[in-house]
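J.: Dropping the sequence and predicted coords here.
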Amino acid sequence: MYVADSRSSKAPVAPAATRPGRREAAADTATGPDTGAAHGTDTADTADAADAVGRPGRAARAAVPGTVLALGTVSLVTDVSSEMVSAVLPLYLLTGLGLSPLGFGLLDGIQNGFSALVRLAGGHLADRRGRDGAPRHKAVAALGYGLSALCKPLLLLVHTVPLIGAVLAVDRTGKGLRTAPRDAMISLATEPAHRGRAFGVHRAMDTAGALLGPLTAFLVLRTAGGPLLADGGRQQGFQAVFAVSACVAVLGVLILLLFVPHRPDAAGPPSGPSGPQSGSPGLRDGLALLRRPDLRRLTLCAVLLGLTTVSDSFLYLLVQRRLGLATEYFPLLPLGTAAAFLLLAVPLGALADRIGRRRLFLAGHGVLLLAYGLLLSPLGGLPAVVCVLVLHGAFYASTDGVLAAAAADAVPPGQRGAGLALVGTGQALARFACSLAFGALWGVVGGTAALAWSAGALACCAAGAAFVLREPPSGPAGPAPAPGHTPVPGPTPTPAPAATDPEVPS
């Protein structure tokens, strides 16, 4: 038995009176992952709310379960490993192997888009129930993390573009398998009203790894003493980075196996659009989730905006050329983005819980448009580049975890992995197409002109996404409850506002 299996972040369903000494917030959590706020008129819930107001620290702790913190630690360690490689890979390929911008766009697209081919399968497999009746979220996530860990040592053995592309494809397969199960575990372990904050905490810990990864790569390169292949010299510096990255990736897998609970939620049988279902949902049931208007609109919005989101690697190459940095400082450029993401992920996640997750998601792309405009402006020097990186980090803090929280609101608990995979797959495929198009455009008109075209397209797509996600007018009876919500029986059943995203119409 795993160490984590004896510790669950959610209490089993039981009357609050039979569990003395438990926090009142945990008693609310015990009602289920999507119905805990359905009894807002209860006397006990009123007392709990008053207690939470009087003790904000307790409410904040209840909003972030232990499962989220454990998964955040896994993501932190894994991201140190991944970002060590990502920080040096563009320079290694373009400067050391002489790859063209179009060829680099293809490989960069593989990193972002190949995972989309298996993300749907990962979400579907994670939702299927095992013999103990629990979803297989943890098992599928462990498989994904394990595949990525196995790929790091292979980078020590391959030195041609096709073989590197194959290794990256397997690595991204692991990422595709683990993303949806991981986010499903976060959403199922967290009260609906606090999902934005919980995803913000996870993304902040994940970004701490992204912050430490490039710094570690920089230190390893300096310590190893190998040249950065600017003159076609030896490769021991990059090989040292790949070796250290492999060791760190194995540590992340061990943390997942030992400290992440096997059953992070107290959910019952999976639920579908028509109500409770017995057994495990099939692949066709997962694809049928697009019939839900909320999820369909959100997926379309993610695709539109993903088609015009320039990849990080291309953005850093533009920043490096604009500032004229020495090649050995290139791995430090992602630190600005990661630092801003780390500082803003939690407050912006909490803001999304208050003003609406979809609204903040759209605003985040407006921030990205500002970053593009600043990079294209006549302004130059270190202050301008720092502003670009900060805006880039604010974009991720406003969109990454916020999109997952918004998608979780539109999907029933029993198909949470498949629903999150649908949205993530659409976005990943769109960004894959953007990487190919941007690389080809760069080769024809240059990097600055390609960025200008992308900025114009982003402005148009943001306007289209705002139209797609507009909130329809409510009828005389008001908006309907969100999917998975159980209204309180009575003459005037109304959905609890804390249980759903204020921007998610049914």
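T.: That came through, no problem.

J.: List the buried residues of stretch 384-404.
T.: Of the residues in stretch 384-404, 384-385, 387-404 count as buried by neighbour count, 16 or more other C-beta atoms under 10 Å. Any C-beta I mention is one placed from the backbone N, CA and C, and that applies to glycine too.

J.: Surely L251 and V74 touch.
T.: No - L251 lies out of contact with V74 (C-beta atoms under 8 Å); the separation is 9.5 Å.

J.: These two: which is more packed in?
T.: Per other C-beta atoms under 10 Å, whichever of L251 and V74 has more neighbours is V74, with 27 against 15.

J.: Contacts only, for that one.
T.: Listed by C-beta atoms under 8 Å, 6 or more residues apart in numbering, the contact set of V74 reads 145, 252, 255-256, 259-260.

J.: Just the ones of the buried residues of stretch 384-404 in helices?
T.: 384-385, 387-404 (DSSP state H).

J.: show me where the stretch 401-506 of the chain has helices.
T.: 416-445, 447-468 (DSSP state H, counting those that start in this stretch).

J.: Also compute the angle for the helix or strand harbouring R358 relative to helix 447-468, please.
T.: Here R358 sits within helix 357-376, counting by DSSP states H and E. Relative orientation of helix 357-376 and helix 447-468, computed by axes from the mean of the first three to the mean of the last three C-alpha atoms, to 10 degrees: 160 degrees.

J.: which helices and strands sit right next to helix 357-376?
T.: helix 293-306, helix 312-323, helix 334-355, helix 381-409, helix 447-468 (3 or more C-beta pairs under 8 Å, 6 or more residues apart in numbering; DSSP states H and E).

J.: picking up where we left off before, ok, the contacts of V74 vs A440, which is closest?
T.: Checking the contacts of V74 against A440 by C-beta to C-beta gives Y145 as the nearest, at 33.3 Å.

J.: As a markdown table, the helices of the stretch 401-506 of the chain with mean pLDDT, mean neighbour count and distance to Y329 would be great.
T.: What follows is the helices of the stretch 401-506 of the chain, written out as a markdown table (pLDDT from 0 to 100; neighbours: other C-beta atoms under 10 Å; distance: least, C-beta to C-beta, whole Å):
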| stretch | mean pLDDT | mean neighbour count | distance to Y329 |
| --- | --- | --- | --- |
| helix 416-445 | 86 | 24 | 22 |
| helix 447-468 | 90 | 17 | 19 |
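
J.: would you list those helices in JSON lines and tack on distance to S81?
T.: Below are the helices of the stretch 401-506 of the chain laid out as JSON lines (distance: least, C-beta to C-beta, whole Å):
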{"stretch": "helix 416-445", "distance to S81": "20"}
{"stretch": "helix 447-468", "distance to S81": "29"}
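
J.: Tell me the buried residues in the helix or strand where Y145 lies?
T.: Under the criterion of DSSP H and E, Y145 resides in helix 137-154. Using 16+ other C-beta under 10 Å as the test for burial, helix 137-154 gives 137-138, 140-154.

J.: Can you name every helix or strand that it contacts?
T.: Going by 3+ C-beta pairs under 8 Å, 6+ apart, helix 137-154 lies up against helix 66-91, helix 101-127, helix 161-188, helix 236-259.

J.: how far off helix 416-445 does it point, in degrees?
T.: Going by the same axes, to 10 degrees, helix 137-154 makes 30 degrees with helix 416-445.

J.: neighbours around S377, how many?
T.: The burial count for S377: 10, using other C-beta under 10 Å.

J.: That one - nearest residue in space that isn't next to it in sequence?
T.: A384 (7.5 Å; C-beta to C-beta, 6 or more residues apart in numbering).

J.: Now do the same for that neighbour: its pLDDT.
T.: In this prediction, A384 carries a pLDDT score of 81.

J.: Now do the same contact list for it.
T.: 374-375, 377.

J.: Tell me the one of the residues you listed nearest A466?
T.: Nearest to A466 among the contacts of A384, with distances taken as C-beta to C-beta, is L374, at 22.0 Å.

J.: shouldn't the closest one be in contact with V388?
T.: Yes - with contact defined as C-beta under 8 Å, L374 reaches V388; the gap is 5.4 Å.

J.: Listing request: residues of the stretch 201-350 of the chain with sub-threshold pLDDT.
T.: Within the stretch 201-350 of the chain, the stretches with pLDDT under 70 are 225-236, 263-287, 323-326, 328.

J.: Now for the residue nearest to C434 when sequence neighbours are not counted, how many residues are close by?
T.: Nearest residue to C434, sequence neighbours excluded (C-beta to C-beta, 6+ apart): L307, at 5.5 Å. Neighbour count of L307, defined by other C-beta under 10 Å: 19.

J.: Quick check: the gap between L307 and C461.
T.: 6 Å (C-beta to C-beta, to the nearest Å).

J.: ditto for V77
T.: On the measure of C-beta to C-beta, V77 and C461 end up 35 Å apart.

J.: Count the residues that sit near L157.
T.: Neighbours around L157, by other C-beta under 10 Å: 10.

J.: What does the pLDDT read for it?
T.: On the pLDDT scale, L157 gets 82.

J.: what's the closest non-adjacent residue to H202?
T.: G72 (4.6 Å).

J.: how deep is the one you found tucked in, by neighbour count?
T.: Other residues close to G72 by other C-beta under 10 Å number 22.

J.: Backbone dihedrals for A410, please?
T.: phi -100, psi 10 (degrees, to the nearest 10).

J.: Cross-check the contact I'm expecting between it and G419.
T.: Yes - using C-beta under 8 Å, A410 makes contact with G419 at a distance of 6.9 Å.

J.: Mind listing the shared neighbours of these two?
T.: Counting by C-beta under 8 Å, 6+ apart, the residues touching both A410 and G419 are L295.

J.: still on that earlier bit, how about the helices and strands packed on helix 137-154 in TSV, adding distance to R222?
T.: What follows is those, written out as TSV (distance: least, C-beta to C-beta, whole Å):
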stretch	distance to R222
helix 66-91	12
helix 101-127	25
helix 161-188	24
helix 236-259	9
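
J.: So for R203, which of the ones you listed sits nearest?
T.: R203 lies closest to helix 66-91 among the helices and strands packed on helix 137-154, at 8.3 Å (C-beta to C-beta).

J.: That closest one to helix 312-323, inter-axis angle?
T.: Going by the same axes, to 10 degrees, helix 66-91 makes 50 degrees with helix 312-323.

J.: I'm done for today, thanks for sticking with me.
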